[in-house]
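>>> Following is a predicted model, sequence given first.
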Amino acid sequence: MRAIVIEEYGGPEVLRLTETEAPEPGPGEVLVDVEARGVNFIDLYQRSGAYQVPLPYVPGMEAAGVVAALGEGVTDLRVGQRVGWAMAPGGYADRAVVKASLLVPVPDAVSADQAAALLLQGMTAHYLTHSVHPVAEGETVLVHAAAGGTGLLLTQLAKARGARVIGTVSTDAKERIAREAGADEIIRYTRDPVAPAVRELTGGEGVAAVYDGVGRDTFDASLDSLRPRGVLALFGQSSGPVEPVDPQRLNKAGAVYLTRPSLAYFVADRQELLGRADDLFGLVEQGRLDVRIGGRYELGEAGRAQSDLASRGTTGKLLLV
């Protein structure tokens, strides 16, 4: 089979398409014929060595496809069933072995592209808006990179819970896309300082929560945008890691809360995993959640796809198909 194999940490050039033996599922595992793969910032962090993984390594933490074979002891899935997953490696290949406990059934009405575009970022948006800071009716929240894959889903889920959403974007095109997803207000961060604009839009109060996947470039503005006892959910670092923070800053900002969550801790229980996936797939089936595909690339174009994602010039979700 074909697979992207990383043999050393580095730039996009280390993503090499190779021919390799197809894996076999062991006990509790499933072999999946992969149809679509999500491209995520965690893939870039692992490729560069920012997140250390054992080498050689087949990247790709999110994908969807069809069950090809079952390992010993797997009884709740069947050969030919459509499935998807997030938070398990090996997706950048024609076939992948995944623990059965990490796979979720994909309904017939949801395409492989939609599933691969939705699971990691969609479940991230779900736990942020439902668990980290459960959005309440009438609250105002700030979503950074509102036209990105996670930002568009965050915006839609927050709106579904009755929030007023302020989004940050860099261009006219991104503003249009974010507004189409339901953003009520847009701040062009390339033109206007974010925190003062948030204060103006909220009558000086600030927002109940900031959902920040950007990191270093936005952290100070995120902290300064919160209302007293607000929540800063720092769930990513696309611009780089945040410098160490004096906890006294949280007091001065209004006794605010800072958390650095990650998806693994919000889907560790299988019932929670299935519940979040089912919620998202149900919204897609009902036409209440739009999954925007920003670009499709061949498997051998993984390096270009990751470079495009890193440029922060894309919108929606990038896929390898």
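Yep, it's here.

>>> what about the residue nearest to Q46 when sequence neighbours are not counted, which helix or strand?
Nearest residue to Q46 in three dimensions, chain neighbours excluded: V53, at 5.1 Å (C-beta to C-beta, 6 or more residues apart in numbering). Where you see a C-beta, it was placed from the backbone N, CA and C, and this is true even at glycine. For V53, there is no enclosing helix or strand under DSSP states H and E.

>>> Quick check: the gap between V53 and Q114.
27 Å (C-beta to C-beta, to the nearest Å).

>>> Just give the nearest non-adjacent residue to Q81, would you?
Nearest non-adjacent residue to Q81 (C-beta to C-beta, 6+ apart): V67, at 4.7 Å.

>>> Compute the number of surrounding residues for that neighbour.
22 (other C-beta atoms under 10 Å).

>>> Does it belong to a helix, a strand or coil?
strand (DSSP: H, G, I helix; E, B strand; the rest coil).

>>> That one contacts L77, doesn't it?
Yes. Contact status for V67 versus L77: in contact at 5.7 Å, counting by C-beta atoms under 8 Å.

>>> Find the residues that touch each one of the two.
V30, V83 (C-beta atoms under 8 Å, 6 or more residues apart in numbering).

>>> ok, which stretches of the stretch 51-200 of the chain are strands?
62-70, 82-86, 95-99, 104-105, 140-143, 164-169, 185-188 (DSSP state E, counting those that start in this stretch).

>>> partners of the shortest one in the sheet?
The one in question is strand 104-105. The pairing partners recorded for strand 104-105 under DSSP bridges are strand 82-86 (antiparallel).

>>> Distance from the chain centre to the partner strand, please.
In terms of C-alpha atoms, centre = their mean, to the nearest Å, the centre of strand 82-86 is found 15 Å from the chain centre.

>>> tell me the angle of that strand relative to strand 95-99?
70 degrees (axes from the mean of the first three to the mean of the last three C-alpha atoms, to 10 degrees).

>>> can you list contacts of strand 82-86?
By C-beta under 8 Å, 6+ apart, strand 82-86 touches 30, 32, 38, 61-67, 77, 91, 98, 102-106, 108, 112, 115-116, 118-120, 123, 263, 267, 277.

>>> as a whole number, average confidence for that strand?
Averaging pLDDT along strand 82-86 yields 97.

>>> likewise stretch 215-222?
pLDDT averaged over stretch 215-222 gives 95.

>>> What distance separates the opening and closing residues of that stretch?
9 Å (C-alpha to C-alpha, to the nearest Å).

>>> How about it, which residues are buried there?
By neighbour count on 16 or more other C-beta atoms under 10 Å, the buried set for stretch 215-222 is G215, D217, T218, F219, A221, S222.

>>> how close does the residue nearest the centre of the chain sit to Y92?
In the chain, the residue lying closest to the centroid (C-alpha atoms, centre = their mean) is Q121, at 2.5 Å. In this view, Q121 and Y92 are 17 Å apart by C-beta to C-beta.

>>> what is the mean pLDDT for the one helix or strand A36 maps to?
In the assignment (DSSP H and E), A36 maps to strand 29-39. Per-residue pLDDT over strand 29-39 has a mean of 98.

>>> so what secondary structure elements neighbour that strand?
strand 62-70, strand 82-86, strand 95-99, helix 112-127, helix 302-310, strand 317-320 (3 or more C-beta pairs under 8 Å, 6 or more residues apart in numbering; DSSP states H and E).
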